[in-house]
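>>> I would like to see how this sequence folds:
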Amino acid sequence: MAFRDKLKQIFYINDTPHRIALSFSIGIFMGISPFLGLHTVGAIFLAWVFRLNKLVAFAGVAMLNPWTLVPVYSLCLWVGAKLTGVKQIIPDIDWADLTILTFMEKLGYLVVPFIVGTLIIAVISALISYFIIHKIASKYKPAVMENKQ
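Now for the predicted structure:
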């Protein structure tokens, strides 16, 4: 089954377009958020708290995958660096004497720009995805309901 077909399965869920779009946007927000390692658990938890669809929230988190992670987080870091005034994003690292401690020491100044950038991009992406998914769900829902009957 192609990715597009899997994504269409979201619209077969028996829920309103608003709730489907909200579930997906929560997944997008958590997927891009700086809470590394807690993306899926956080999205499912928030979907559970707000009584939204957990599967759709998981689909939103899955949008940030190994193919999209590097460009999205690079954009987030760039945005965060611009907003916090960090001039040098790529640090000077002596790769021959690299240890975990020196790596953390060299990249420590990027933590705040990363958090700021991921939170801003996560909010913007969640808002955009809400409107896109709501529009698509509103368009597909009547056709899906007719096909079920």
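
>>> helices of the chain, residue ranges please.
With helices called from DSSP state H, the chain shows them at 3-8, 17-32, 39-49, 54-61, 66-84, 100-107, 111-148.

>>> highest mean neighbour count out of the ones you listed?
Comparing the helices of the chain by mean neighbour count (mean count of other CB atoms under 10 Å), helix 17-32 comes out on top with a mean of 25. Glycine gets a C-beta too; all of them are placed from N, C-alpha and C.

>>> relative to the whole chain's centre, how far out is it?
Mean C-alpha position of helix 17-32 versus that of the full chain (CA atoms, centre = their mean, to the nearest Å) differs by 9 Å.

>>> list the helices and strands it packs on?
Other elements packing on helix 17-32 under the criterion 3 or more CB pairs under 8 Å, 6 or more residues apart in numbering; DSSP states H and E are helix 39-49, helix 54-61, helix 111-148.

>>> to residue 72, which of the ones you listed lies closest?
Closest of the helices and strands packed on helix 17-32 to residue 72 is helix 111-148, at 7.2 Å (criterion: CB to CB).
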